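Participant: I would like to see how this sequence folds:
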Amino acid sequence: MKKIIFASLLTAVLHTTSSSQEVMRIQPCNDAFIQKQADSIKQIVELDGFTLLRENSITMESQYEIPAIVPLQEKSIYHFVFIGDQTSKLFEVRMYDWDQNMIIYEKRGGNEGNIVAFSYVPNVSLHHIFNSLQVNKKKKKGLCGYVMLFKKTRPVNVKQ
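Facilitator: Residues are numbered from 1 along each chain as shown. Reported below is the predicted structural model:
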């Protein structure tokens, strides 16, 4: 009797796990155009006295947000950049503090380009959440996205 109950229970568990939702995993992507844009932005932003803290390429799905959680220090100047697939029609970045209060909402669409960038100075030292999203009507999966976070570490070099 115990063997029958155990076998039934094991079958039910295996059936439940096999029909559960697929887990989305963060996968890097490779897009030569986006990489060229990212390299150019890095050069420009670093000339303004910023240091690159983090960067990642991300394979995204249309209309699905990708979160990035980062610790930010109060009174430091940060610059965030999101580059989306050039064929997408809408790009959004939402930034939240640790209490999930939306602090920044940036949106690009139409002919505004595929880059969303902004600077931010936190009032307190804590983790912040950046949610990046792009919408593409033709290509639902396999969209490339690229995120970068910079921190101001030195004054701008002035040429004389």
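Participant: all strands of this protein, in order?
Facilitator: Residue ranges of the strands in the chain, as given by DSSP state E, are 50-60, 66-72, 78-83, 90-96, 102-109, 115-120, 126-135, 143-152.
Participant: who touches the third one?
Facilitator: By CB atoms under 8 Å, 6 or more residues apart in numbering, the residues outside strand 78-83 that reach it are 34, 37-38, 41, 45, 50, 72, 91, 93, 95, 114-122, 130, 132, 145-152. All C-beta spots, glycine's among them, are computed from the backbone N, C-alpha and C.
Participant: repeat that with 6 Å
Facilitator: 34, 37, 41, 45, 50, 72, 93, 115-120, 132, 146-151 (CB atoms under 6 Å, 6 or more residues apart in numbering).
Participant: Which among those count as buried?
Facilitator: 34, 37, 41, 45, 50, 72, 93, 115-117, 132, 146-151 (16 or more other CB atoms under 10 Å).
Participant: quick one: contacts for the closest residue in space to P71 that isn't next to it in sequence?
Facilitator: In this structure, P71 finds its nearest non-sequential neighbour in H127, 5.2 Å apart by CB to CB, 6 or more residues apart in numbering. H127 makes contact with I69, P71, W98, according to CB under 6 Å, 6+ apart.
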